[in-house]
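J.: The following block contains a protein sequence and its predicted model.
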Amino acid sequence: QVQLVESGGGLVQTGGSLRLSCAASGRTFTFSSYVMGWFRQAPGKEREFVAAIGGSSISTYYADSVKDRFTISRDNAKKTVFLQMNSLKPEDTAVYYCAASSSWLTKLPSSYRYWGQGTQVTVSS
């Protein structure tokens, strides 16, 4: 069974920074073989793509709304993916989810097989 557990969310002021982590576990889960992605969902809105990273960390993909402010990275030895969020804005407020895909680098939620439970990020103005 694969588990993804996010951490690092919290309350921050506009312009501040947070670093989210997502730890993966599962005996048969070959972390380095999966594309890892971050998504977010604000109240009353659909879940939206934030960023994704390929298994070897060579390829990354960002939503336009977070490009140049957020950085996705991974540590395959620790089976962990990170999302460094800088210059946070109130519109970044959402529950952030990490997800794993055995497919290509994609922003489509339907391509991600495994999901974490989410961590709340709140940016105050």
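T.: The structure has been received and is ready for your questions.

J.: only C-alpha atoms for contact and neighbour calcs from this point on.
T.: Will do.

J.: okay, residue 120: pLDDT?
T.: pLDDT, residue 120: 98.

J.: would you list every one of the helices in the chain?
T.: Using DSSP state H, no helices are found in the chain.

J.: Can you pull up the most central residue in this structure?
T.: residue 38 (2.3 Å; C-alpha atoms, centre = their mean).

J.: Can you tell me how far it is from residue 27?
T.: 22 Å (C-alpha to C-alpha, to the nearest Å).

J.: What of residue 36?
T.: 18 Å.

J.: Between those two, which has more neighbouring residues?
T.: Neighbours per residue, other C-alpha atoms under 10 Å: of residue 36 and residue 27, the larger number sits with residue 36, 31 against 7.

J.: surely residue 2 meets residue 25?
T.: Yes: taking contacts as C-alpha atoms under 8 Å, residue 2 lies within contact range of residue 25: 5.7 Å.

J.: Low-confidence ranges, the chain, go.
T.: Applying pLDDT under 70 to the chain flags no residue at all.

J.: how about the strands in it?
T.: For the chain, the strands defined by DSSP state E occupy 3-7, 10-13, 18-25, 35-41, 48-53, 60-62, 70-75, 80-85, 94-101, 114-115, 119-124.

J.: what would these look like in TSV with distance to residue 107?
T.: Formatted as TSV, these follow (distance: least, C-alpha to C-alpha, whole Å):
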stretch	distance to residue 107
strand 3-7	18
strand 10-13	24
strand 18-25	18
strand 35-41	8
strand 48-53	5
strand 60-62	8
strand 70-75	14
strand 80-85	15
strand 94-101	10
strand 114-115	14
strand 119-124	19
